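K.L.:
Here you go, sequence then predicted model.
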Amino acid sequence: MATESDGIFDEFKEHSISEFFRKNRHMLGYSGKLRSMTTIIHELITNSLDACEEAEILPDIDITIKKLGSDHYHISVEDNGPGIPPEFVPKVFGKMLAGSKMHRLVQSRGQQGIGAAGVLLFAQITTGKPLRITTSTGDGKIHTLDIKMSVEKNEGDVVNHEIRDGVWRGIKVEGEFKEITYSRREQGPFEYLRRISLSTPHAKIVLTDPEETITFDRTVEIIPDRPEEMKPHPYGLTPDELLYTSRRTEFTKISSMLTGELSRMTSKRLKELQDYMLRDKLLENYRGSTFWDIVVNCYLNVNINQYVGKDGKYNKYVDKNEISDIEEIINTLPDSLPDLKIHYLKYIIMDYLIGKLDEETIKEIKKHFKKKPENFIEFAEKNYLNASLMDEFKKKSRDITKSPSEFVNTLIDMAMVSNEEKDRFKNEIKNVMKMNPSKMDWKNAELIVRVIQDMDFMAPSTIGLRPIGDENIKKSLSTLNPEFATTLTRKPKTYKGGVPFAVEVGLAYGGDAGKMGDTGRKMEIMRFSNHVPLLFDTSGCGLTSGVKSVNWRRYGLRSEEDVPLTVFVNLISTHIPYTSAGKQAIACSAEENEEIFNEIRQALMICARGMEKHISKIRKEKEEEQKRKYVMKYAVIFAEGLASITGKPKEDIEERIIELLR
Ligand SMILES: Nc1ncnc2c1ncn2[C@@H]1O[C@H](COP(=O)(O)OP(=O)(O)OP(=O)(O)O)[C@@H](O)[C@H]1O
């Protein structure tokens, strides 16, 4: 019998990631002729800078752009980095989602493993030609490989491979591209390289464009320390990530995987983690029953369900006669229990009931319990619990007994949990910890992640982050010849539980700062992420919304339109939350990522205060100058008058008046 799905599924096919991007090249930034040109340069130069940074080499990068036809160019980018071993070249340039950076928590310009292969794909789909890669790791052999991409397989094919002897180290990528154009306009390679040289002052970049050779020389001779790799912080962990790690780790036990793969997870913390797991497993065991039921059935052994509705909430008023019931219940508490724990239990009973009692009754209760510790009634009045559900109890018990082992002991003391039960759960947890990580299941991953949230960990390490630094940003901004410049590098913080980031900002006011607009110079926002300039998708970027959220008028600017101001913002992180694979906008607006957004605002507002002082000082000086000029005009007339009255020389009087005014 024919079904509706017949026919539809005849067309069902699987596609490779390369096929996807062949059809959706705009997602990688290949849309529009100028943008495509800038994207090629961006992908290749950021790879060169990353490689040099990692190998601690001062980067020397040569870029040549030759025009072959109206939208047809030959581009070559050569670096003096560590080079790529020839066997990796087809993978780097012919395979998407392959690289050395995606799985590491290290601050780098690249993070996806798509860029280089994207360049090859673009050359191939616009000219049909391979990309030529010359590489040497400095071992005396220079390899030249022509690579094409087998799109269906997402693999690189070596079309030609030549080897010669020679002393050289680095990578040269050459290729022909169509559907691109070159211009020195704002979003072109020239401006991109100008900005990258501002944010990477230790790099020397030589651009030979169709007109001339321009050198963006290094302003700093020191190689910055290489960013350090950081392990993920427990707070940022999700069950899915934990499972993912457990399938890839080289550790053979879950316990050693946790201490080995996570930061701040010491063996002491690991022990604590197991205590928390025990607590949660015990509580989990009682899930579904109300606290009241547990208290009544397991501990007090008095049926008091009459006070509790099906939803676990108290459902009727307690009358005066029932007060004696409460007293009776409390009197049934075994004497053997430590005082503190008896009181704790009483609080909860009281909390529960008092929530529904009127003034009169409360007075009555107070009278009944007046022999008890003073803080008892006070506590019950202040903190009454309306809900007696298990979760509420859990929350409260966590607050009261911070330590999970203390809590478990309380449950045992209260006879709510037996020692055998505790040992059974404890063994279960021990076995989980001893298990091979490949055996970890979703349930255990979820339990571990949940209890981690209740634990105290030191904040994630941020030592691996490498800012551009105040001095370097100032040096860069000085190329704009501003009247005033200020910079600020904020202390590193973390977002989404554990990803380290830091914000750096700079303001340059006056001189060549700002960019030409219709009404003169206007505010210019220079966005950077991990030192890489972002030239496109300005309005969709959280860095822009951070800058725009500042009320600049409050800081002495008359408007944003007619001001010579350049705002420099660099976000550094081990993982930049880009909005797309094209990596030109960051998801860090107020709604998307409050932590980053607030840091940008804070940093800008601090810098803006300095700028405001400068602007008001300049304004004041101008006003005074104006006043002085005005008074001087009258000083001449005044001197003339005085000279005719006193008979003294006019010049002498004039001189004295000017002196006086000064
Ligand atoms: N010039 C180079 N020198 C040395 N290694 C390089 C160079 N270019 C690329 N690589 C290596 O090739 C890998 C893949 O590069 P690719 O540009 O595809 O991705 P990525 O830089 O890791 O991330 P993204 O896609 O975000 O740019 C890099 O991770 C790096 O290991």
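P.N.:
That came in fine, so what should we check first?
K.L.:
what about the residue nearest to Val77 when sequence neighbours are not counted, which helix or strand?
P.N.:
The shortest distance from Val77 to any non-neighbouring residue, by CB to CB, 6 or more residues apart in numbering, is to Leu44 (4.0 Å). In short, each C-beta sits where N, CA and C put it, glycine included. Leu44 belongs to helix 33-55 when assigned by DSSP states H and E.
K.L.:
so the residue of the stretch 501-650 of the chain found nearest the ligand, which of the three states?
P.N.:
Of all residues in the stretch 501-650 of the chain, Lys583 sits closest to the ligand, with a separation of 6.3 Å (CB to the nearest ligand atom). Here Lys583 takes the coil state, with states given by DSSP: H, G, I helix; E, B strand; the rest coil.
K.L.:
Name the residues of the chain found near the ligand, please.
P.N.:
For the chain, the residues in contact with the ligand (CB under 6 Å from any ligand atom) are 43, 47-48, 51, 79, 81-82, 84, 92, 99-101, 110-117, 171.
K.L.:
Select only the buried ones of those residues in ChimeraX?
P.N.:
Selection command for ChimeraX covering only the buried members of the residues of the chain next to the ligand, criterion 16 or more other CB atoms under 10 Å:
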select :43,47,48,51,79,81,82,84,92,99,101,110,111,113,114,115,116,117,171
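K.L.:
Mind checking which of the residues of the chain next to the ligand are in helices?
P.N.:
Judged by DSSP state H, the residues of the chain next to the ligand include Glu43, Asn47, Ser48, Ala51, Val92, Gly115, Ala116, Ala117 as members of helices.
K.L.:
Just give the closest residue to the last one, not the sequence neighbours.
P.N.:
Nearest residue to Ala117, sequence neighbours excluded (CB to CB, 6+ apart): Met96, at 4.7 Å.
K.L.:
likewise the first one?
P.N.:
Nearest non-adjacent residue to Glu43, counting by CB to CB, 6+ apart: Gly115, 3.8 Å away.
K.L.:
ok, now which ones touch the one you found?
P.N.:
Contacts for Gly115 were tallied using CB atoms under 8 Å, 6 or more residues apart in numbering; they are Glu43, Leu44, Thr46, Asn47.
K.L.:
7 Å instead, please
P.N.:
Glu43, Thr46, Asn47 (CB atoms under 7 Å, 6 or more residues apart in numbering).
K.L.:
Next one: the last one from Ile114, what distance?
P.N.:
Here the criterion is CB to CB, to the nearest Å. By it, Asn47 lies 11 Å from Ile114.
K.L.:
Same check on the first one?
P.N.:
Glu43 is 9 Å from Ile114, where distance means CB to CB.
K.L.:
what element comes up after the helix or strand Leu642 falls within heading to the C-terminus?
P.N.:
Assigned by DSSP H and E, Leu642 belongs to helix 594-646. On the C-terminal side of helix 594-646, the closest following helix or strand by DSSP H and E is helix 650-661.
K.L.:
picking that back up, which one in the ones in helices among the residues of the chain next to the ligand is the model shakiest on?
P.N.:
The member of those with the lowest pLDDT is Gly115, and it reads 88.
K.L.:
now it: how far from Met96?
P.N.:
Between Gly115 and Met96 the distance is 10 Å, computed by CB to CB.
K.L.:
same question, Glu446
P.N.:
Glu446 sits 32 Å away from Met96, going by CB to CB.
K.L.:
likewise Pro201?
P.N.:
For Pro201, the distance to Met96 under the criterion CB to CB works out to 32 Å.
K.L.:
ok, these two, which is more surrounded?
P.N.:
Between Pro201 and Met96, Met96 has the larger neighbour count (other CB atoms under 10 Å), namely 27 against 22.
K.L.:
The helix holding Leu44 packs against which elements?
P.N.:
The helices and strands touching helix 33-55, judged by 3 or more CB pairs under 7 Å, 6 or more residues apart in numbering; DSSP states H and E, are strand 60-69, strand 72-79, helix 115-127, strand 169-177, helix 189-199.
K.L.:
residues near the nearest residue to Ile657 once chain neighbours are set aside, how many?
P.N.:
Distance criterion CB to CB, 6+ apart; nearest residue to Ile657, sequence neighbours excluded, is Ala635 at 4.6 Å. Other residues within reach of Ala635, judged by other CB under 10 Å, total 18.
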